[in-house]
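*Asks:* Quick one, fold the following:
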Amino acid sequence: MTETAREATRAWVLHPDIKTSPGTRDPQLALEEAVSLAHALPELEVAGDMVVRLPRAHPGTLFGKGKIEELNALFEAEEIDLVLIDGPVTPVQQRNLEKAWGLKLLDRTGLILEIFSDRAATREGVLQVEMAALSYQRTRLVRAWTHLERQRGGLGFVGGPGETQIEADRRAIDDQLVRLRRQLDKVIKTRTLHRASRAKVPFPIVALVGYTNAGKSTLFNRMTGAEVMAKDMLFATLDPTMRRIELPESGPEIILSDTVGFISDLPTELVAAFRATLEEVLAADLIVHVRDISHPETAEQAEDVRAIMDSLGVAKDTPQIEVWNKVDRLDAEARNTVLTQAARMDDALAISAITGEGMDTLVAGITEALEGDMVETSVSLDFNEGRKRAWLFERGLVESEAQGEKGFELTVRWNARQAAQFGQL
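*Replies:* Next up, the predicted model:
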């Protein structure tokens, strides 16, 4: 059956607003984000959504008995096939709710895993998703039906009840994880070699980071002329895309990297699995933090991004620029406020990647951040050091040159990073 002929899965999104649970996020905005996550899967049709307010979470069922019955009647009336719960659901809660409703259930982690599985394009991305899914599945074996409760193995020669099916399945998952980790290590080694070869070029790496759907891919496309998938959709980009570009107005050549979007409560399995993908951020000479300044919770989203970068081990001294994107979505008063605030800050720029507003200022900001304080100095090269001389001229660093008896005397203008790179030649 073709994709177009296949019937869409009717899904209902629930956001449990638990009073005893810590957190300051607006439940309605959290629900909207969860619905956006659901829309990121093309085979899902979101039939409805709801914030469910709970005084506390019931350990075995999450919801109380009355609420479960009420929701069951709703799901039957709406002919729902899948329930998406925006938050963590324990294996026991999932099993009991699926039994009560007679429906498939996915929690936030499961849904994000499905999206990542649907979007991963590179070999590394596919391997990382498989590992994350297996790690998640390993914790869910309690959901399995009665066949997992039987015991097998053991001829009676060795004492003990034998190996349960759950243990066998868990061991099979662990074996598969080991195999995937070996394959991933090979891919990561290849990427490390690529990074090492780029370091020899060397062009500075500028990494675009930000909350998912902040507009990173749109900005990447505008700066590079590439055609990276850029949609108003969460997790539109899952694999890092890199392009070499030359910044206008005599700016430096750079490698621009578009990375996977961050999100609040990113499943721990995915933080670990995607660490290698995000290594491009660790290797960056400059981090451009793209924010959707039009979003009501832009400040909270920015904090989530900073927390994840801290957990990844991004160096504190790595230069960063904040880009306040989507000013075109603001009304006149809010737009003027944002532009005024950005003008007062040293490391914030207001732009619209869609309309191109502020792009000249952004390019100038990136150039300034990469070049830093330029100093003029003298360099002496022997006649046999032609490669070093060519390196300086290729980058436009030579102010003047004179030829002597033993070699070349050059006056160069460069920053500390370029001087360090020259020293490694």
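
*Asks:* Just the helices from the stretch 251-400 of the chain, written as ranges.
*Replies:* 268-273, 279-282, 298-312, 332-344, 359-371, 386-394 (DSSP state H, counting those that start in this stretch).

*Asks:* Do me a favour and average the pLDDT over the fifth one.
*Replies:* Helix 359-371 shows an average pLDDT of 87 in the prediction.

*Asks:* next one: the fourth one
*Replies:* The predicted model assigns helix 332-344 a mean pLDDT of 93.

*Asks:* any idea of the angle it forms with helix 298-312?
*Replies:* Counting by axes from the mean of the first three to the mean of the last three CA atoms, to 10 degrees, helix 332-344 points 40 degrees away from the direction of helix 298-312.

*Asks:* Counting by contacts, list what helix 332-344 packs against.
*Replies:* Packing contacts for helix 332-344, counted by 3 or more CB pairs under 8 Å, 6 or more residues apart in numbering; DSSP states H and E, involve strand 348-350. For every residue, glycine as well, the C-beta is placed using N, CA and C.

*Asks:* Off-centre distance for the strand it packs on?
*Replies:* Per CA atoms, centre = their mean, to the nearest Å, the displacement of strand 348-350 from the mean C-alpha position of its chain is 22 Å.

*Asks:* need the next SSE after the helix or strand harbouring residue 100, C-terminal direction.
*Replies:* Element membership for residue 100 (DSSP states H and E) is helix 91-101. Elements were assigned by DSSP H and E; along the chain past helix 91-101, the next helix or strand is strand 104-107.

*Asks:* List the buried residues of the helix or strand just after that following strand.
*Replies:* Proceeding C-terminally, strand 104-107 gives way to helix 108-119 as the next helix or strand, assigned by DSSP H and E. Residues of helix 108-119 classed as buried by neighbour count (16 or more other CB atoms under 10 Å): 108-117, 119.

*Asks:* So which of those residues sits lowest on pLDDT?
*Replies:* Lowest pLDDT of these: residue 119, 72.

*Asks:* hang on, the earlier thing: what's the closest of the helices of the stretch 251-400 of the chain to residue 102?
*Replies:* helix 268-273 (27.9 Å; CB to CB).

*Asks:* so which of the helices of the stretch 251-400 of the chain comes closest to residue 51?
*Replies:* With CB to CB, the closest approach to residue 51 among the helices of the stretch 251-400 of the chain belongs to helix 298-312: 17.5 Å.

*Asks:* Mind checking the pLDDT average for the closest one?
*Replies:* 87.

*Asks:* what's the most buried one of the helices of the stretch 251-400 of the chain?
*Replies:* Across the helices of the stretch 251-400 of the chain, the average number of neighbours (mean count of other CB atoms under 10 Å) peaks for helix 279-282, which reaches a mean of 20.
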